[in-house]
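Peer 1: Just to be clear, the model below is a prediction. Sequence and coordinates:
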Amino acid sequence: MQWLTVISTSLVLLLVGCDGIIAEPLAGKYVLITEYEDTHQYTIGVRAGGGHSLDVMWVSRIAHNDAFIIAKANDGYYIVRVAAEQILGPLSESAFQKKRIALRVPAVLRLKTLPSLDSSNSPENPY
C-alpha cells in the first residue's frame, strides 16, 4: 500500500505544470494544486524545484492567511503552520477545534467549500 502512495504521488508530481494542473499560491511555500483532468482533486503542496510535493490530498474546504492554512480533506482536518512549515493532521473535528484554539488560529478563517471539479469544466480561481 505504501508503494502505491509513492507511485501515485510521483505520477501527480510528473503532471504538475502540464495542461490540467493549476498551482495557486496560498502562503509561504504552500500552493493549492488543482488537477481537473484525471483525478479531479485539490491538493495542498509545497513548491519544490520544478514541481510540487503533495502534502494534503483530496481537499474539499480551505481557508488561509499568511500564518495558517486550514483545510478539510477526505481523511480529516489539517492545520498548516506556514512559518514553521508544519502540517498537523489528519485530525478529527474535535481535535481540529482544540488545536485551532491552542494555536490561536484566527476565528475569521472559516473553511470555504472549493468548487466541484469534473471533466466538463476547468476550475475558476476559488478565491
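Peer 2: Done, it's in. Being a predicted model, the structure only gives us computed values, none of them experimental.
Peer 1: What about Leu114, how many residues nearby?
Peer 2: 19 (other Cβ atoms under 10 Å). For glycine as for every other residue, the C-beta is placed from the backbone atoms N, C-alpha and C.
Peer 1: Next, give phi and psi for it.
Peer 2: Note on Leu114: backbone dihedrals following degrees, to the nearest 10 are phi -80, psi 150.
Peer 1: quick one: contacts for it?
Peer 2: Residues near Leu114 by Cβ atoms under 8 Å, 6 or more residues apart in numbering: 42, 59-62, 126.
Peer 1: how about Gln97, phi and psi?
Peer 2: In this entry, Gln97 is assigned phi and psi values of phi -60, psi -40 (degrees, to the nearest 10).
Peer 1: Ignore what I typed, I meant Val108.
Peer 2: The phi/psi pair for Val108 (degrees, to the nearest 10) reads phi -70, psi -20.
Peer 1: any weak-confidence spans in this protein?
Peer 2: Under the criterion pLDDT under 70, the flagged ranges of the chain are 1-20, 36-38, 50-51, 118-127.
Peer 1: Which parts of it are strands?
Peer 2: 21-27, 30-35, 41-48, 51-52, 59-64, 68-73, 76-81, 86-91, 112-113 (DSSP state E).
Peer 1: Between the ones you listed, which one is closest to Arg104.
Peer 2: Ranking those by proximity to Arg104 (Cβ to Cβ) places strand 68-73 first, at 9.1 Å.
Peer 1: The closest one: how far from the chain's middle?
Peer 2: 7 Å (Cα atoms, centre = their mean, to the nearest Å).
Peer 1: show me the contacts for Ser94.
Peer 2: Ser94 neighbours (Cβ under 8 Å, 6+ apart): none.
Peer 1: mind redoing it with 10 Å?
Peer 2: Counting by Cβ atoms under 10 Å, 6 or more residues apart in numbering, Ser94 makes contact with Tyr77.
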